[in-house]
Every structure is written in structure tokens, then in C-alpha cells.
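Peer 1: Below: sequence and its predicted model.
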Protein chains: 2
Amino acid sequence: MMPSKPDNPSFVPNPGPVLRALAKDAGATRIIALCDENTLRHCLPKLHTHFDHTLVFKPGEAEKTLATAEKIWQHLAHWQITRKDLLVCVGGGVICDLGAFAASVYQRGMPFALVPTSLLAMTDAALGGKTGVNLGPLKNYVGSFATPVGIVLHLPMLETLDEKEMREGWAEMFKHAAIADAELWRAYEERAITTKAPEPDLLERSMAIKLRIVAEDPLEKGERKLLNFGHTLGHALESWHLEKHLSLPHGEAVAAGMWMEAWLSEKTGQAEAGTHVRIAALIDRHYPALSIPESAVPAIAAYCRFDKKNEADRVLCTLLRRCGEGVIHCPVRAEQIEAAIRSYCAWER
Amino acid sequence: MMPSKPDNPSFVPNPGPVLRALAKDAGATRIIALCDENTLRHCLPKLHTHFDHTLVFKPGEAEKTLATAEKIWQHLAHWQITRKDLLVCVGGGVICDLGAFAASVYQRGMPFALVPTSLLAMTDAALGGKTGVNLGPLKNYVGSFATPVGIVLHLPMLETLDEKEMREGWAEMFKHAAIADAELWRAYEERAITTKAPEPDLLERSMAIKLRIVAEDPLEKGERKLLNFGHTLGHALESWHLEKHLSLPHGEAVAAGMWMEAWLSEKTGQAEAGTHVRIAALIDRHYPALSIPESAVPAIAAYCRFDKKNEADRVLCTLLRRCGEGVIHCPVRAEQIEAAIRSYCAWER
């Protein structure tokens, strides 16, 4: 069976032979699995693959740290894993980002494969070669661009997700439509509330949007920033929750971030009238509103100053021109960001 | 003044304008210096450059850790340094390797320039795009391949070195001749003991050897491993000293490593007869023999099992065919390594 190439991954019915072929091509003599306690139980058995070692961490964003990466490196070194052996990351966004980062700098880079197990990871973390861990509350502040030797997509993994996890993944699907496909966005608007797995052709269409944008700008010098719609505020919301040791899944943060950045798109004159109300309607239909205390608003806005897209002293957002077309490098002021958060909180739902 | 390109760096009489041109080309609005307490005092003033922030660490290999890298990232984040700003690493091998690694993964990569201040860093760490920090005692176990925006070579930096530091740098010069230039090796043999700065043309010839090898194999898939002559045992010696909290400068470790690996070259049948005695004579003429207790021999040999060039369960060394020609991928057994160390210790000098 052919390994699944990173620039054009496809779904495979039987991941075991694919993983073994990837290991063979890499010249690996050992295969190490990285997973969390959930994917260890529910996803690893679906791979029907022998792993020489298995690294297991607790699930959740709180583990996506340098300290966890250091534990990975220490285990790999202890087992005398060489830079020809293969690390297979089996999990959601945290495991994919963390494992890919750890592999990309272990002995200056060892081969790694990604087996995304959540809808979110299939549409986002597993595609595009970004890796990273958080630095304290700052999202993905230490990381690399690194290409996996393969991305192994396996639809039955989606059967392991509950409705909340599935909705998380839909957030990135909505984002891809919002920035690049007006027709797809309209289709989402006309659809009933979606808490199930997307049809495979819809999933592939969403992935294709991300892969096309990444292919044109792999190192995010310009247009790839389109994919960051919803992420300046989304990451700031995540940072504030991380700081407070509160849980906020990435997909829900991005959903709220898109709401707020759609609001900013109209208020800064980037978007045509009516754009925000359409984005807000779809988001509010799928996601319960986050509960944000008024006292948190300046802190969340302040986190936007740490966004990786910023230049010099300016916060630069990716906003929308309309539903289906994004625009990068939009300067936004702190008071506008605060107003966007307050508008989200005060919105009548 | 033209910035100094990484693939063909040249000496500049006046580094200030070069650094400012590099910052401008990168679109940086801020320049941050990274140095140690020695280079802060002796080398930074020679640059005649304004730095917006200066990061200072203690000198020495013990600082080349993930913990130090994390301090760098925390400071950069605190100052809201963006991925367009410029980090300038002003120091020897530790500062160049550490700073380049930190920059290469901060926000997935910010521009960095190298200002090597030691002979060792000019001929080794600053060239070739390898970055890294140690993982406990394991040398450069976490790192990346990353290209600086510029390498600023400034001969007056060498005036800051004492004889011991100068000798360290000569070790890499000797290595370049040993692996790739028989005529240069003979010239070194005929030369008086060298504890001063090399003539600039000799330094450039040595750098040219490294740059040529790196250009042909930047990611060390094959021939670049030639540059690792002396480093399997050199790094193992460093690891043992790090573990024991004993000081061993990299150049001295590589010198002893070359001695031992020249011995292995003959014992494994790779090298023509007489190769080891020539290598040993030059090394012993320049470097006092390391004092290695017999009890340390198995531990040092065991560290060779962690060498990054290894594959599967085999220790793979770079050895010599003769003085002036190296050979990569030579399997060496643990008992042969122990014998090499014992031979070094028992040698009549």
C-alpha cells in the first residue's frame, strides 16, 4: 500500500501497512507511538501496528509544553532512538503539534508520521507542516515548520469522537469556507445543525482549501495567514483560559474568535455589510456562547499583542471581505478588540 | 556595506553597518544581542551597534541547555519581539549554537545573525547551519538546521582570546586538513606550535573546506558526516565531563577524539599504516593529554552509543583513510572504542 503523501493525503481503510511502509522508506528499525490516554485506548488498536515503544501523556492543552517535549526527548534518548527511526503521533491537535515539534528537533530531526484522530486534527493540525508547543499561556510560541513523512487519515477514527469534539472540528471546516469558498459557506448556512462527522467529500473539500493555501505559501510569508482567521482572538481566548487553568477546546475558541473577527471585519470597514450577522448566526447556531467576565476583556485584548502575525507594535489580523473571502494584514487597535469581545458577550442569542 | 552571506561569509572591518543592513533586509524593527559575560565585556563594544535588548548568560557548556533556551524565549516574548526582529549571537560555539536554535524555533523561526568571537566558532559553529542544545550530558541532542541571515566575521575578535582558547580553534582547523587536505595537513606538521591566530588566508582555506562539504550535503545525509571526525569520541568525552560537572572545552575534546579515532582508523583497517602516529604527534604537540581515570573508560565508550550518526544498534564513526582523507559510516565496536581510549591514556608522550 502506498504511503499517504503530506501534500496530498488520502483516507486509507487499513493504516497498518501504510505505517509500516513509511517506516521502511525512512530506514527506521524502530517505530514509537505518541498518544494520550484517550487515543491509547480508543485509537491505537485501530492501527493494528506493533510499536516498539509507546509514549502516553494526559489529554488536553495543558500538556502541550516544553516540559512534555523534554520528556519525549529524554525517553527517545534513553531508548537510543536514532534519527532514522519513526515517531507516529496518534491523536488530536495537541499530540500532532507536540509530537511533530519534538520529532523535528530530536537530533536535529527524525522522521515522523501523523495519524490525526479528531475531525479538528484532520482538517487543521495534521495539514501544513506547522508544529509547536505553548510557552506558558502563549499558543505555539516555540515550534517549527516540518514535513511529516506521511499523514495517515482513517475515517473510523471519527467514530471515537463525541458531539462536542465533532463540533470542534466543524469550526475549522466553517473557517475554510469563510475565507475561501462562498458557495460552501452558503451550503453550511442551509444545513441543519451539524454534530456528526461530515460526509467524506465535504471533509476532502475542506482539506483541499487548506492544502491549496499552504502549497502556495508553506512558510506563512503572506497568503497562508488567511488560515488564521478567527485565531488572533481565538488564541487570545485560549491564552486567557490557560492562564486561569480553565478548559477551552481550540475549536470552540476559534468559533468565538471568528465571531469577534467578523465583527471587527465590518467595524474596520473591511467587510461588506451583513457579513458579521451571517458569521454570527452560524457560529451561535452550533456553539454555546463562551462566558467571559467583563474583567477579562482587557486581558484577552492584551494577549492579542503577542500574536505571531504582528509586526513592530501593530496587531495584524486576518479579517473577511465577505463570507467566502478573507483578507490578511489588517491592523486592529486594542480598543476595537475590546469592543469586539464586549459585542460578543452582549449579543442577544 | 553588503551583508555577509551564510554560504560565503567574508571578514568585515566594520561590523556595525553590516548588522544594520541585515536588520533592515529582515524587516526588523528591533535588534537583540545574545552574549555571555565575557563577550559582553570584550566583544560587544567592537560591534559599535545599538541593541534594543541584550541577553547575557554565564560562559561555558553548562549553559547550553533547554532551560537557557526557555529563558531566551521568555525574554523575547516578554519584550514582544516579533518573527521579523533580529537576534544577533555574539560569542563562541555555545552562544552561536544556543542562540541559533532559540531563534530557529521562536514563533517557528525568527531571523538571526552569527558573530563568532572565537577561532573555534569561526571555523565550526558559525558555519553550516547546525543549531542545538545539550539534553543533559548528550551533546546537541535537540536542535535544528537553520540558516542565519548573515555571518559576520571580524578579525579583531580574535584579539580577545587567550592561548588556550586559540588552541581550541586550531583543533577544528587540524580536523579540516585531516579529512580533506593532505597538503594542508603536511603544512601543519611542518609548522611550529601554534597558539596564535592563524594567518587570514589559512583561516579562509579551513573555512572553505567546511563550506564546500556543507554545500554538497547541508542536511548531513552522507558526506557531511566527514566533518564529524573526532566527534564521536570527542562528544562522548564531553558528555562524561558534563555528567561529572568537569570542564572540557570542545576543541580539546575534539583533539583527543581525533587522536583516538585515528587509532581506530588503523585498528579497523580503514587507514594506511602510519596515519595514527602522524595524527597523534600533531595533537600531542599542541594539547596536554586529558587525564581519564580507568574507571571512566567504559562510561565514555557507552556514551558513543548515543552518537547522532548511529543507525539501529551500530556505532558509526567517521574515520581516516590517511592524513587528508576521511571516510564515513565506519562501524566500530564497544571494545575497540575502549581500547582506543586506553591507548590514548597509556601513550608515551
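Peer 2: Okay, I see it. Numbers count the residues shown, from 1 in each chain, chains lettered A, B, ... in the order given.
Peer 1: Next, the contact list for the nearest residue to A:C323 once chain neighbours are set aside, please.
Peer 2: What sits nearest to A:C323 in space, not counting adjacent residues and going by Cβ to Cβ, 6 or more residues apart in numbering or on different chains, is A:W185, at 4.6 Å. C-beta coordinates here come from the backbone N, C-alpha and C atoms, glycine included. Taking Cβ atoms under 8 Å, 6 or more residues apart in numbering or on different chains, we find A:W185 in contact with A:F174, A:A177, A:A178, A:R278, A:C323, A:G324.
Peer 1: quick one: the strands in the stretch 201-349 of chain A?
Peer 2: Remark: strands assigned in the stretch 201-349 of chain A by DSSP state E, counting those that start in this stretch are A:315-322, A:325-332.
Peer 1: for the stretch 51-200 of chain A, same thing?
Peer 2: Secondary structure of the stretch 51-200 of chain A (DSSP E, counting those that start in this stretch): strands located at A:53-57, A:86-91, A:112-116, A:133-135, A:138-142, A:150-151.
Peer 1: Rebuild those strands as TSV, extending it with distance to chain B, mean pLDDT and mean neighbour count.
Peer 2: Converted to TSV, these look like this (distance: least, Cβ to the nearest Cβ, whole Å; pLDDT from 0 to 100; neighbours: other Cβ atoms under 10 Å in any protein chain shown):
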stretch	distance to chain B	mean pLDDT	mean neighbour count
strand A:53-57	15	98	18
strand A:86-91	13	98	29
strand A:112-116	14	98	30
strand A:133-135	5	98	23
strand A:138-142	5	97	23
strand A:150-151	19	96	27
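Peer 1: I'd like the ones you listed written out as JSON lines, with distance to B:L76 added.
Peer 2: Below are these laid out as JSON lines (distance: least, Cβ to Cβ, whole Å):
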{"stretch": "strand A:53-57", "distance to B:L76": "26"}
{"stretch": "strand A:86-91", "distance to B:L76": "27"}
{"stretch": "strand A:112-116", "distance to B:L76": "26"}
{"stretch": "strand A:133-135", "distance to B:L76": "9"}
{"stretch": "strand A:138-142", "distance to B:L76": "9"}
{"stretch": "strand A:150-151", "distance to B:L76": "31"}
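Peer 1: B:L34 is nearest to which of the ones you listed?
Peer 2: Proximity to B:L34 (Cβ to Cβ) singles out strand A:138-142 among these, at 16.1 Å.
Peer 1: which residues touch the closest one?
Peer 2: A:66, A:97, A:101, A:130, A:132-135, A:235, A:238-239, A:303, A:306, A:308, B:73, B:77, B:105-108.
Peer 1: how far out from the middle of the chain is it?
Peer 2: Computed by Cα atoms, centre = their mean, to the nearest Å, the chain-centroid distance of strand A:138-142 equals 13 Å.
Peer 1: now do stretch A:245-257
Peer 2: 11 Å.
Peer 1: got the buried residues for it?
Peer 2: By neighbour count on 16 or more other Cβ atoms under 10 Å in any protein chain shown, the buried set for stretch A:245-257 is A:L248, A:P249, A:H250, A:G251, A:E252, A:A253, A:V254, A:A255, A:A256, A:G257.
Peer 1: Ok, stretch A:333-340 next?
Peer 2: Per 16+ other Cβ under 10 Å, stretch A:333-340 contains these buried residues: A:Q336, A:I337, A:E338, A:A339, A:A340.
Peer 1: returning to what we had before: any chance of CSV for the strands of the stretch 201-349 of chain A, columns distance to B:A28?
Peer 2: Below are those laid out as CSV (distance: least, Cβ to Cβ, whole Å):
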stretch, distance to B:A28
strand A:315-322, 16
strand A:325-332, 17
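Peer 1: Select, out of the ones you listed, the one closest to A:D284.
Peer 2: The nearest among the strands of the stretch 201-349 of chain A, by Cβ to Cβ, is strand A:315-322 at 16.7 Å.
Peer 1: what about the helices in the stretch 51-200 of chain A?
Peer 2: For the stretch 51-200 of chain A, the helices defined by DSSP state H, counting those that start in this stretch occupy A:66-78, A:93-105, A:119-120, A:163-180, A:182-190, A:200-216.
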